[in-house]
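J.: with the sequence up front, the predicted model follows.
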Amino acid sequence: MKLPKWLLAGTLPLILIIGLLFTVATTSEDDEELTNDIETFDPDSTNLSSDVLKYQSLVEKYCKQFKISDQVNVILAIIQVESGGKGNDVMQSSESLNQKPNSLKPEASIKQGVKYFADIIKQMKAKKVDLNAAIQSYNYGGAFIDYVANHGKKYTQKISKEFAKEKSGGKKVNYDNPVAKDKWRYAYGNMYYATLVNDYLDAGTSFEFNDQTVQKIMNEALKYKGRAYVFGGSNPSTGFDCSGFTQWSFNKAGISLPRTAQAQYNAMKHLKLKDAKPGDLVFFHSTYNTADYVTHVGIYVGKMKMFHAGDPIDYANLKNSYWQNHLIGAGRIKK
């Protein structure tokens, strides 16, 4: 599969950040409701970059100072979205001090960004709205808290979209990203902000499998995390494409798979994704132009995640609208 290189984050001012991915938990983007249960932060259970994780101690310091220590993982995910941990104003928080964009150095940016988010959390609690409304408000501003409070008290993608439409006067801008179905967004903030932050909150990278065979598969697969995708690659020396990667990983557990995604699909017992278990394969169609219908495959690891030869080899959230749009279903080795 030839995968597009998606833009993951921008460094534009807080109110006008662009280039965000949009993930959905259902097939209807307007009716999506994100869920997010905050847990103790574990850096090994995220896909945050090393550039972001180096600020963990500062984030913990200021979260403690502003009494939101339970939001450390959210702040780190915001940094990933805002800057990827690169540059000076890593939380893009200078404008909340009425200063010029990118005028703060990293520690000052984190201190102000955490303080700003702590104020949003206070508004969230006062208005009795959910955390995702607060996360989206980091991009939109505090007025969005009131908007959500007056529209059911729970964040949805539809509410975010309607807010941006009002604020922009209906003006649209190009949003050239494969996960944006119509290739546009409203010209106010980014209506997909909370969904991107949730990607970093949800994307686990550490799994324990009860089944010994599945564990062997994943032990091998995880050796290559972070490597680049190589079209036609089928071993560690050449690199891997999607089916070469699954074939190699399963072979290390004593299971022989055909070479292509289509052939692997043909050899499987077919399942709905909701019935998949860790170690099953997940199949997708039409991800690039080829004669085969099945064009991509990954290893299902549970909790709507797969591990696959994307670019790079890594975990992916199957709630993402790109994967939802191309999903065929799961497959299990026939016994």
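T.: Looks like it arrived, so ask away.
J.: biggest strand in the chain, by residue count?
T.: Counting residues, the longest strand in the chain under DSSP state E turns out to be strand 294-302.
J.: pull the residues that contact the next helix or strand after it.
T.: Next helix or strand after strand 294-302 toward the C-terminus (DSSP states H and E): strand 305-309. Strand 305-309 is contacted by residues 1, 202-204, 218, 221-222, 225, 229, 240-242, 244-246, 282, 296-301, 313-318 when judged by Cβ atoms under 8 Å, 6 or more residues apart in numbering. C-beta here means a position set from N, CA and C on the backbone, and glycine is covered the same way.
J.: kindly recompute the last result at 7 Å.
T.: 204, 221, 229, 240-242, 245, 282, 298-301, 315-318 (Cβ atoms under 7 Å, 6 or more residues apart in numbering).
J.: list the strands paired with it, with their directions.
T.: In the sheet, strand 305-309 lines up against strand 294-302 (antiparallel), strand 313-317 (antiparallel) (DSSP bridges).
J.: could you measure from Asn88 over to Ser94?
T.: Going from Asn88 to Ser94 by Cβ to Cβ, to the nearest Å gives 9 Å.
J.: actually Phe283, not the one I wrote
T.: From Phe283 over to Ser94 the distance is 46 Å, taken as Cβ to Cβ.
J.: excluding its backbone neighbours, what's nearest Met268?
T.: Nearest in space to Met268, with sequence neighbours left out and distances taken as Cβ to Cβ, 6 or more residues apart in numbering, is Gly331 at 2.9 Å.
J.: tell me the pLDDT of that neighbour.
T.: Note on Gly331: pLDDT of 94.
J.: for the strand or helix carrying it, packing partners?
T.: Using DSSP H and E, Gly331 sits in strand 327-333. Counting contacts by 3 or more Cβ pairs under 7 Å, 6 or more residues apart in numbering; DSSP states H and E, strand 327-333 packs against strand 268-271, strand 281-285.
J.: okay, buried residues for the first one please.
T.: By 16 or more other Cβ atoms under 10 Å, the buried positions in strand 268-271 come out as 268, 271.
J.: tell me which element the most centrally placed residue in the chain is part of?
T.: Taking Cα atoms, centre = their mean, the centroid of the chain lies closest to Asp199, which sits 2.5 Å from it. Assigned by DSSP H and E, Asp199 belongs to helix 193-202.
J.: quick check: mean pLDDT of whatever helix or strand comes next after that helix?
T.: Per DSSP H and E, the first helix or strand lying C-terminal to helix 193-202 is helix 212-221. Averaged across helix 212-221, pLDDT comes to 89.
J.: in helix 212-221, which residues are buried?
T.: 214-218, 220-221.
J.: distance to Tyr175 for the residues you listed - can I get that in JSON lines?
T.: Formatted as JSON lines, those follow (distance: Cβ to Cβ, whole Å):
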{"residue": "Val214", "distance to Tyr175": "38"}
{"residue": "Gln215", "distance to Tyr175": "40"}
{"residue": "Lys216", "distance to Tyr175": "42"}
{"residue": "Ile217", "distance to Tyr175": "37"}
{"residue": "Met218", "distance to Tyr175": "35"}
{"residue": "Glu220", "distance to Tyr175": "38"}
{"residue": "Ala221", "distance to Tyr175": "33"}
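J.: closest one to Leu257 out of those residues, please.
T.: Each of these was checked against Leu257 using Cβ to Cβ; the closest is Ile217, at 10.6 Å.
J.: for the closest one, what are its contacts?
T.: By Cβ under 7 Å, 6+ apart, the residues touching Ile217 are 249-250, 253, 279, 299.
J.: 8 Å instead?
T.: For Ile217, counting by Cβ under 8 Å, 6+ apart, the contacting residues are 249-250, 252-253, 255, 279, 299.
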